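>>> Take a look and give me a structure for this.
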Amino acid sequence: MRSNYSWFLTSLSHSILAGLLLLGVHGNDDGSQCYSELRVKRNTVQKASPGENVEINCTVTLCPNSPPSPVLWRKVNELSWDPVNRTDHIEINVKKMNNSETSFLIFKNISRHDSGLYHCTIQTAVSHSINVTVS
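The predicted structure is shown next:
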């Protein structure tokens, strides 16, 4: 009976360790655990009329003493998440603070074609959807 209990504790500790690694948890110099987070409110909707300038944003909280992860923007299409790149029509700007940075996706002269679901992503996380509706 004791060997089953010992096996259970070993399995449990390995499962917890694997889960922490999958979540991207990092150790800091002070021994605490930290991981970067994306901050986008659930059910965010941005409504616009064609021709307007529209800005959506995504804030990343960073771990102290860790390099920032680049923020990438993606648009959800039927079967894929297409990267959003800078163009004459779209700007991507970043504002850095102490332990956070905010990425701004800016549409100049937005069109109906820009309607859709957008996500910001970092290496270890994906944000909630931002629903851009142009009508």
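>>> I'd assumed Arg39 was in contact with Cys120.
No - at 9.6 Å, Cys120 and Arg39 do not qualify as touching, with contact defined as CB atoms under 8 Å. Yep, even glycine has a C-beta here, placed from its N, CA and C like the rest.
>>> what's near enough to touch Arg74?
Applying CB atoms under 8 Å, 6 or more residues apart in numbering to Arg74 gives the contacts 81-84, 118-121.
>>> For those, work out which two are farthest apart.
Pairwise distances across those (CB to CB) peak at 13.8 Å, for the pair Asp82 and Cys120.
>>> Comparing the two, which residue is more hemmed in?
Cys120 (27 against 11; other CB atoms under 10 Å).
>>> Let me know the secondary structure of the closest residue to that one other than its chain neighbours.
Distance criterion CB to CB, 6 or more residues apart in numbering; nearest residue to Cys120, sequence neighbours excluded, is Cys58 at 3.4 Å. Counting by DSSP: H, G, I helix; E, B strand; the rest coil, the backbone at Cys58 sits in strand.
>>> is Cys58 in a bridge, and if so with what?
Ser103 (DSSP bridges).
>>> give me the number of residues near it?
Based on other CB under 10 Å, the number of other residues close to Cys58 is 25.
>>> Then His119?
His119 - counted by other CB under 10 Å - has 20 other residues nearby.
>>> residue ranges with poor pLDDT in this protein?
Within the chain, the stretches with pLDDT under 70 are 1-32, 68.
>>> I'm done for today, thanks for sticking with me.
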